[in-house]
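Q: I would like the atomic coordinates for the input below:
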Amino acid sequence: MLNTLIRTLPGGRRVVALNPGKRVLFLTKDTNLVRRQLAGELNLRMKDVRAEDLLDDINTDVMTPAWVCFRHRPEDIALDAYAGLLDAAGQRVFGTRALLDGNFEVIVSGQRKGTGSSRETAAQCEKWSGIGLAVAHSFAPIHARNNINLGQLMGSYEQLARLQAGEAIPLEEFTAHFDPVTRAILESGGLFPFSEQVKKGVIKVPAPSTMPQPLTMAEKILRTKLVNGDPKHTSVQPGDCLLVKVDGGYSHEFTTAQVHDFLIREYGPNYRVQNPSKFAVFEDHLYYADGVKRMVPFLPQIQTLRDLQREFQRHTGVRDYSVKNGVSPGICHQVAREQFVDPGDFIQATDSHTCMGGGSNALTWGVGATEYAGLVYAGFTFVIVPESIRFELTGALRPGVTAKDVILFILREYATKELTLDRVMEFGGPGLATLDMDERATLTNMATECAAKSGVCEGDERTAQWIAKRRATSPESVAAKFVAPDRGARYHGGVHTIDLGSIEPMVATPGDPTYGVEIATLKDVKIDIAYAGSCTAGKETDVDFYAQVLREALAAGKRVATGVRMIIQFGSESVQRYARERGYLDVFAQAGVEVINPGCGACIGCGPGVSDTKEQVTVSAINRNFTGRSGPGQLYLASPTTVAASAVAGRIVAYREGMFVER
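A: Prediction:
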C-alpha cells in the first residue's frame, strides 16, 4: 500500500503533508476523548494536547489482541484495530471498523509505543486502516522495525504540529536520522520494494568502514556474520548498517501463515527458502486453544493457521516441531535453546521472546512476519548495530529469591527510565556465575519486556557443560564458540552494578511488567489462580523451585489452598521428562496441583489458567500481565517460588524456608 502522506513535487522532491479532509487521532489517557474523536465529535490539534495526557506503553496486545491475530490477512486484521484498548469499565473503546472508517491518517501516543509481543499485526492494523504516520515520544524496537518494514513513517510531536499548521515537510526530515539502508527501506515503501531495488542493483549496501575498536558481545557477533564486508578486517559500531547471515530461526502457528502468504504474494507460489535445515516451525502457541471456552468462536480461524503452517513446512522443508500424537514438543524458545541455539549464533524468529536464547551466549531477537519472510527467502538480513547496556552482577541471590525478581527489579529501575530501550542488555560479572543456565535464560527472556533489543549473557564453564550435555559434543568445543566483550567496549546505556544479595522478592502489579514492588510492601492480596509455566518459568530450574516449595508444604501437612487452582505447565518434553524422573509429578499431585503437557497456554490466553471474570486474581510466573492477556482478571507477575508459596497460602506471599511450619 502506498503512503498517501508522501507527495512528489515537480523536480522529484518528496514531501510529507496532511491530506484535506483527513484526520489525526490522539490516543489520550482519557478514553472518553478517544471515543469522541472516533465518533467525529472532536478534532484535536497537537497544540491543544499535552504529552503527559497521551497514553504511554501501548502494547501490541492492545493494538491487536490474540483473537485478532487469528486472522492472517492484514486487511482483515485492520477491521478490529485497537480491539484491546478498554475503558475503566472494561469496555472496548474501538469498535469493529472504528479506525478503518474514522478517516484518520495520523495516530498519536506517548512513550514506548508497541511494547510487548513482536506481532507485526500491530503495525498492520494501522497501515491497512489508512494510517500513514505514527507519532509518539518513543517506540519499542521491534514495533519500530515493523513500521519501517511496512514503509510506515514515524514522527515527533513537533513535526505533527507543523503538519497541522499546513506545512509540507521534506520526507528526509522523517528519515534522515536513520542509517542509509533503513532510510532507503522507508523511502522505497517498505522492505519488499527495497529488496527488489537491491536485487536490481538500484540500491547498494556499502560495507561498514568503522575503524578497529573494542567491541561489546552484540557487536562482535554481528561482525562475524558480515556479508557486506570482511569480518576479519572490519569493525562495527552502533548505527552501522550490516548485511548479515542468519544462523537459524523459527516461526510458530500464530505467525507462519502470514510468512507463507507474504512469500506467495511477493515471489509467487513456487518460492523457495535458503538453507531450510537452519529454520523451523513450532506448533505450540495455540496447542490448548481448543479447550478454552472463549476460543470456541475462533477455532475455524485457528485451524486455518495450523493448516497453513503445515503447508508452509511441506513447501519449504524447514524443520518440523508440530504436534505429534496429540503432544507438542514444547515452547519454541525453550526447545530452541535445548536443541540448536549455540554460543555466537545470530538467531531470528517471529516472536519477541526469541531473546531467551541470549542466555546461551548467542544474539537472538524477534522480528515481524515481513522481515522473517525476507530473511528466510534470501538467507541474510539487514541489521542496524544496536547500542548496549551492561549489567555487572555481583554477590549471590538469597534463598527464595530468583532471576525473575532480578528482572522485575531491572524493569522498575532501568526500563522505566528508557535506559534499556532498543539496546542489547549484556549480563556479566562474578554474580552471573552463581546463576544457572535456566536462571540466565529468565533474564534474557524478559529483555523484551524492558523494550530492549535483546539480552545476552557471557559464556562460562556452566554454559559449556549445559550445552554439551544436550548436543552430544564436548564442553571444549562449545567453549571455543564463546564471545566475550573487549576491555574498553563502549556501553551507551552505561555499566550498572547490581548486588544480587540486595534483591528482594518482587511482584509486578496488574497492567504492566514495569509496575514492580517488593512483596513486603504489598497489601494482603488473596488469589484464585496460581499459574506456573510459560517459556519464562517452565524450565528445569523452575520446576525445581515448584517442587522445593511444595515438598516443604506437604511435610508441614499443607497443600494448595482451598479455592485456589494451581497449574504447572512444562516448557518442553525434555523438562517434563526431567520432572518425572525426579519424582516431582507425585509431589505435584499430592499437593493438589494440576499438571499439563508442554506448550504455551494461559500466557497468551489460550490454555488452562486463564481467568474467567474480572474479579479473579492470578499470581503467575509468566512474563507479561497486560490487561486481558490472560483473561479478564487481575494478573500479578512473580517468581516461581512466590507462585508456589502463594498457592499454598491462598494469598501473595514471598517464599522463605520453613514458612509452612506452625510457630
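
Q: so how many other residues sit close to the closest residue to G374 other than its chain neighbours?
A: Excluding its sequence neighbours, the residue lying closest to G374 (Cβ to Cβ, 6 or more residues apart in numbering) is L191, at 5.5 Å. Quick note: C-beta positions are derived from backbone N, CA and C, even for glycine. L191: 26 surrounding residues under other Cβ atoms under 10 Å.

Q: from memory L191 sits against N146, does it?
A: No - assessed by Cβ atoms under 8 Å, L191 is found out of contact with N146, at 9.8 Å.

Q: which neighbours do the two share?
A: T370, E371 (Cβ atoms under 8 Å, 6 or more residues apart in numbering).

Q: before we move on, back to that, check contacts around the residue nearest to G374.
A: Counting by Cβ under 8 Å, 6+ apart, L191 has contacts I148, N149, L150, I185, T370, E371, G374.

Q: show the pLDDT at it.
A: pLDDT for L191: 91.

Q: next one: phi and psi at it?
A: phi -70, psi -40 (degrees, to the nearest 10).

Q: for it, give its distance to I203.
A: As defined by Cβ to Cβ, to the nearest Å, L191 lies at a distance of 12 Å from I203.

Q: from the chain's centroid, how far away is stretch 421-438?
A: 18 Å (Cα atoms, centre = their mean, to the nearest Å).

Q: list the buried residues for the helix or strand bottoming out on mean pLDDT in the chain?
A: The weakest-scoring helix or strand in the chain, judged by mean pLDDT, DSSP states H and E, is helix 191-199 (a mean of 85). For helix 191-199, burial by neighbour count (16 or more other Cβ atoms under 10 Å) applies to L191, F192, F194, S195, V198.

Q: stretch 214-225 now?
A: Buried-residue list, stretch 214-225, by 16+ other Cβ under 10 Å: L215, T216, M217, A218, E219, K220, I221, L222, R223, K225.

Q: in this structure the second one contacts V424, no?
A: Yes - look at T216 against V424 with Cβ under 8 Å: they come within range, at 7.1 Å.

Q: shared neighbours of those two, anything?
A: With Cβ under 8 Å, 6+ apart as the test, T216 and V424 both reach S388.

Q: is it true that P269 lies in a helix?
A: No - looking at P269 with DSSP: H, G, I helix; E, B strand; the rest coil, it is coil, so not inside a helix.

Q: low-scoring stretches of the chain, by residue?
A: 663 (pLDDT under 70).

Q: distance from the biggest strand by length in it to the middle of the chain?
A: What stands out as the longest strand in the chain, according to DSSP state E, is strand 388-394. Distance of strand 388-394 from the chain centroid (Cα atoms, centre = their mean) equals 21 Å.

Q: what residues of it count as buried?
A: By 16+ other Cβ under 10 Å, the buried positions in strand 388-394 come out as S388, I389, R390, F391, E392, L393.

Q: how much space between the residue nearest the centre of the chain and T364?
A: Nearest to the geometric centre of the chain sits S352, at 2.5 Å (Cα atoms, centre = their mean). Distance, S352 to T364, using Cβ to Cβ: 11 Å.

Q: which neighbours do these two share?
A: Joint contacts of S352 and T364 (Cβ under 8 Å, 6+ apart) do not exist.

Q: which phi and psi does E594 have?
A: Torsion angles, degrees, to the nearest 10, at E594: phi -90, psi 120.

Q: what is it paired to in the beta sheet?
A: I567 (DSSP bridges).

Q: give me phi/psi at P632?
A: Residue torsions, per degrees, to the nearest 10, at P632 are phi -80, psi -10.

Q: that one: neighbour count?
A: 18.

Q: wait, isn't it in contact with K614?
A: Yes - using Cβ under 8 Å, P632 is in contact with K614, at 4.4 Å.

Q: overlap of the contact sets of the two?
A: G90.

Q: now the strands for the stretch 151-300 of the chain?
A: 153-155, 169-170, 241-245, 248-252, 279-282 (DSSP state E, counting those that start in this stretch).

Q: any chance of a markdown table for the ones you listed, columns distance to T463 and mean neighbour count?
A: Formatted as a markdown table, the strands of the stretch 151-300 of the chain follow (distance: least, Cβ to Cβ, whole Å; neighbours: other Cβ atoms under 10 Å):
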| stretch | distance to T463 | mean neighbour count |
| --- | --- | --- |
| strand 153-155 | 38 | 21 |
| strand 169-170 | 50 | 14 |
| strand 241-245 | 23 | 21 |
| strand 248-252 | 18 | 25 |
| strand 279-282 | 22 | 26 |
